[in-house]
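1. Kindly return the folded structure for what I paste below:
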Amino acid sequence: MSDYLEMTIASDLFDDYPIHNVLVLHSITIQDLIDEVRKEFNLLDENEYALALKGTRKELKPEASLSELGLGNGTDLVFGRRQRKQQQFKGTQIRSEKRAYLVEEETGNRYDISRSTALIGRALSDATTSVEINLANIDKTNSVSRQHARIIEAGGNYLIEALREDNPTFLNDKILTKSEPTPIKNGDTIKVGRITLTFHIPT
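-> Residues are numbered from 1 along each chain as shown. Okay, the predicted model is just below:
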């Protein structure tokens, strides 16, 4: 019997392909496998992800190994955010008259920021992760990461946080340091991949 199992891991968080074939030790724990996936795709928030069997929403126990769970060759797994964390990530609703918004430079498309935490990225049509500023329809070259940056509202003030080092976010042509929220103001330009957005606050 081989020490390794052939499996697939699917996720709308992967930047290249939504499904990857993997070869993993049957003795690896779910948490260690999550950590390996997270590191491979430069995903933040180490306690925010989970694995589940395809077709189910039940998260696999992090401390259990693949063999303890009875998983074998050909198992299809789905990688995503923990359900209890996803609601926190969405943030609270912002009153419509106070909502800031982004305008894309070339198309003029407007993206309202309706929650106190708004993820900027590129979601698949069947994505399970909430991407409020979804640039998939205009980013024809896939230059924007699935989770590229996020805008945070706190007490009427706004900040932008870069989520990637390998695919940086620019504020007024300056590269932002990953995981360091930076204040933004009316008229600022944000560049993610090849997409340029202008930030607006209603006056």
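2. Look up how far Lys54 lies from Ser11.
-> In this view, Ser11 and Lys54 are 11 Å apart by C-beta to C-beta, to the nearest Å. For every residue, glycine as well, the C-beta is placed using N, CA and C.
3. more crowded one of the two?
-> Set Ser11 next to Lys54 and count neighbours by other C-beta atoms under 10 Å: Ser11 wins out with 24 against 12.
4. what's the burial count for the spatially closest residue to the more buried one that is not a sequence neighbour?
-> The shortest distance from Ser11 to any non-neighbouring residue, by C-beta to C-beta, 6 or more residues apart in numbering, is to Phe79 (4.0 Å). Each residue near Phe79 was counted by other C-beta under 10 Å, and the total is 21.
5. Any regions of this protein where pLDDT drops low?
-> Within the chain, the stretches with pLDDT under 70 are 1, 44-46, 83-98, 124-129.
6. residue closest to the middle of it?
-> The structure's the chain has its C-alpha centroid closest to Gln147; by C-alpha atoms, centre = their mean the separation is 3.3 Å.
7. now that one, nearest residue through space, not along the chain?
-> Closest to Gln147 by C-beta to C-beta, 6+ apart is Gly121, at 4.8 Å.
8. State the phi and psi torsions of that neighbour.
-> Reported as degrees, to the nearest 10, the phi and psi values for Gly121 are phi -170, psi -150.
9. List the residues that contact it.
-> By C-beta atoms under 8 Å, 6 or more residues apart in numbering, the contact list for Gly121 reads 131, 133-135, 144-149.
10. between those, which is nearest Ile160?
-> Of all these, the one sitting nearest Ile160 is Ala149; the distance, using C-beta to C-beta, is 5.9 Å.
11. Dig out what that closest one forms beta bridges with.
-> Under the criterion DSSP bridges, Ala149 forms beta bridges with Ile120, Ala162.
12. Settle this for me: it is touching Ile120, isn't it.
-> Yes: taking contacts as C-beta atoms under 8 Å, Ala149 lies within contact range of Ile120: 4.6 Å.
13. which residues are in contact with both of these two?
-> 190, 192.
14. domain assignment for this structure?
-> Domain assignment for the chain by automatic domain parsing gives 4-84, 91-200.
15. and the last one, how far from the chain's centre?
-> So that's domain 91-200. Centroid separation for domain 91-200 versus its chain: 12 Å, with C-alpha atoms, centre = their mean, to the nearest Å.
16. I figured His20 was touching Thr8, is that so?
-> Yes: checked against C-beta under 8 Å, the pair His20 and Thr8 is within contact range at 6.8 Å.
17. For the helix or strand where Tyr111 lies, which strands pair with it and how are they oriented?
-> Applying DSSP states H and E as the criterion places Tyr111 in strand 110-112. Sheet pairing of strand 110-112 (DSSP bridges) gives strand 101-104 (antiparallel).
18. Give the buried residues for the strand it pairs with.
-> Buried residues in strand 101-104, counted by 16 or more other C-beta atoms under 10 Å: 101-102, 104.
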